[in-house]
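S.K.: Whatever this is, show me its structure:
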Amino acid sequence: MPKNYNASIDVDDGLKIRKPKPPKQFTPFPVDLLPEPLRSIAIEGAESIRCDPSLIVLPMLAAVGAAIGNARKLTLKSGWHVSSCLWTMVIAESGTAKTPALQLAKKPLEEIEREANRRFDEADALFEADFEEYEVAKKQYQRATKKEGESPKPPAAPTPERHVVKDTTLAALVEILRDNPRGLFVPADELAGWFGGFNKHDQGGGDAQQWLSIYSGESISVDRKGNRNQRNVMRPTKVHNPFVAITGAIQPGLWHSTLGAEHQASGMAARFLMAWPPRRGKVWADEGVSESKLRQYADLITALVNHDPEQDENDRPKPKFIGMNHQAKKLWVSYFNSHNVDHLDRFGSLAAASSKIEEIPARLALIFHTVRLATDEIDRDQIDADTMKAAIAIARWFMAEAERVYEIMDGEAASQRDRELVEWIRLRGGSITVRDLQRGQKRYDTTVEAEEDLNRFAFMGWGEWETVTPGPSGGRPTRTFTLATVDKTPSNPEEKIGYVIEAAEAESGLETTTENEIGTPDDKTLSNIEEKIGCVDRRPEHQGDNDEIEVIF
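M.R.: Okay, the predicted model is just below:
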């Protein structure tokens, strides 16, 4: 029996061979669905760095969401409000350019933080001088035999404005969040180190649970031994509506040890949107991302950071809540129902991921809408159908990628050795001769061994043999093995490395709209959902000229 096969014995039919599943092909991220300037940054950045676009897109989405922070929230219905907080994870080997991709995405926020630090240093120096004057005036007032006027008041200490936090404990993070209620961005070059920091300074084991609450925006608090009042009562540091966006990378070999059974059972792993793109051969590129696009991206992040939240009755900042227009609401309801029908067929870690991805279109829609508003692409502060449609399509891409990642990590697909070989063939166009394989892979001492693996792939249905006839110059026919599915990599640079928007639209069941055409959910789709879960809203549709500006709260 060929190696890497599973066998079972049937009492009637005898020996049966169960072939391993072929490794699922990576579907390129639908970059064309992103609003500008995010689309151009992803495209030009991938061409310049020579990396997969998803290495830029995932950290960039988290960074843009962090720039919005708690200033805005999207209301789906009464009591259900979502923020722009995203946790993203790129699974990639060393040498795949994940670090420069992350730097490109986070640079504008780091520059804003650097300027904020400069302003704080200046303000702190003035505070120190004012505080010395206060101390002198206080002593003079205390020495005076006749008190005139009020006692001198100490100057207000400046608070450092923070946006980016890297290596810090949860207790310190809570202190920073208390002074920066808008929110923070945590870029981690290696997420394995971030996970390893859990409970490093807390023997109680509560760090992971606190992080789960942070993702959902639930209140968190930290008790510190030295934080007591004059009556020796513990005064916890508490943060309401915490916002922390996280992004980073992890190597495939560290995935299991980092996101083991504990984090999968708790739902920590499910909160991360993942991408595991194939490796790409590096070729030198003189071109970099254009200065105009970099400036547009930096200006966008600055505009989002400067977008002031609203104030409550006590002059404390609170989010500005926005809604959806009627067509966007219909798209959301259709997606929500169909996603939860599919959710019934998912189990274990994939079911946990599915439960979190349920809300992702709303978070993405809030990000895309705010970007479009900041760049003057739209002028109405309400989620429209085009924004929701793009968000749903990208959320479905994340769901499909989660299915692929968990299938690989759970060991239900091909062995790692076979996956690596399939990827190696794909990187070379998807077709290979026995001689090319034996020369390119040190694992084979002879062509016989190389041909054996290709024959095994052909038997499993992962590809097939083809005979290429010689050209006009003559020669012998060439026997070539071609994979059944091959990543499409256009040779034309104008196609921008090839982003399969059609795949995302087909997955979402939505078609591209024009300026005068807004798609609505298919009635047949709705009826099918109703048959399964009976939860389709059949109330009369809103009528009238103001149909497109109905705010759903």
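
S.K.: Centre-most residue in the protein?
M.R.: Closest residue to the average C-alpha location of the chain: T88 at 3.2 Å, with CA atoms, centre = their mean.

S.K.: Can you report the mean pLDDT over the residues of the longest helix along the chain?
M.R.: Ranked by residue count under DSSP state H, the longest helix found in the chain is helix 98-143. When pLDDT is averaged along helix 98-143, the result is 91.

S.K.: do the same with stretch 339-357
M.R.: Predicted confidence along stretch 339-357 averages 93 (mean pLDDT).

S.K.: can you map out the helices along the stretch 301-450 of the chain?
M.R.: 326-343, 348-357, 360-374, 385-409, 416-427, 434-440, 447-459 (DSSP state H, counting those that start in this stretch).

S.K.: other SSEs contacting the third one?
M.R.: With contacts defined as 3 or more CB pairs under 8 Å, 6 or more residues apart in numbering; DSSP states H and E, the secondary structure elements packing on helix 360-374 are helix 54-68, strand 72-77, strand 80-82, helix 291-305, helix 326-343, helix 385-409. (Glycine included, C-beta is placed from N, CA and C.)

S.K.: picking up where we left off before, who does the longest helix of the chain touch, helix- and strand-wise?
M.R.: Packing contacts for helix 98-143, counted by 3+ CB pairs under 8 Å, 6+ apart, involve helix 38-49, helix 54-68, strand 184-188, strand 244-250, helix 291-305.

S.K.: looking at the ones you listed, which is buried most?
M.R.: Looking across these with neighbours counted as mean count of other CB atoms under 10 Å, the highest average goes to helix 54-68: a mean of 28.

S.K.: Helix 385-409 and that helix, what's the angle between them?
M.R.: Angle of helix 54-68 versus helix 385-409, following axes from the mean of the first three to the mean of the last three CA atoms, to 10 degrees, is 130 degrees.

S.K.: where does the stretch 351-500 of the chain have low pLDDT?
M.R.: Low-confidence segments of the stretch 351-500 of the chain, defined by pLDDT under 70: 411-415, 474, 485-500.

S.K.: let's see 80
M.R.: When residues are selected by pLDDT under 80, those of the stretch 351-500 of the chain lie in 410-416, 419-420, 427, 470-476, 485-500.

S.K.: swap in the stretch 101-250 of the chain?
M.R.: Applying pLDDT under 80 to the predicted model, the residue ranges of the stretch 101-250 of the chain that meet it are 144-149, 167-168, 197-206, 222-236.

S.K.: For the helices and strands packed on helix 98-143, give me CSV that also has distance to E358.
M.R.: Output for the helices and strands packed on helix 98-143, formatted as CSV (distance: least, CB to CB, whole Å):
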stretch, distance to E358
helix 38-49, 23
helix 54-68, 17
strand 184-188, 24
strand 244-250, 19
helix 291-305, 25
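
S.K.: what about the ones you listed, which gets the closest to A144?
M.R.: Ranking those by their distance to A144 (criterion: CB to CB) puts strand 184-188 first, at 46.5 Å.

S.K.: re the thing from before, now for the residue nearest to the centre of the chain: which residues touch it?
M.R.: L58, P59, L61, A62, I246, T247, G248, F272, L273, M274, A275 (CB atoms under 8 Å, 6 or more residues apart in numbering).
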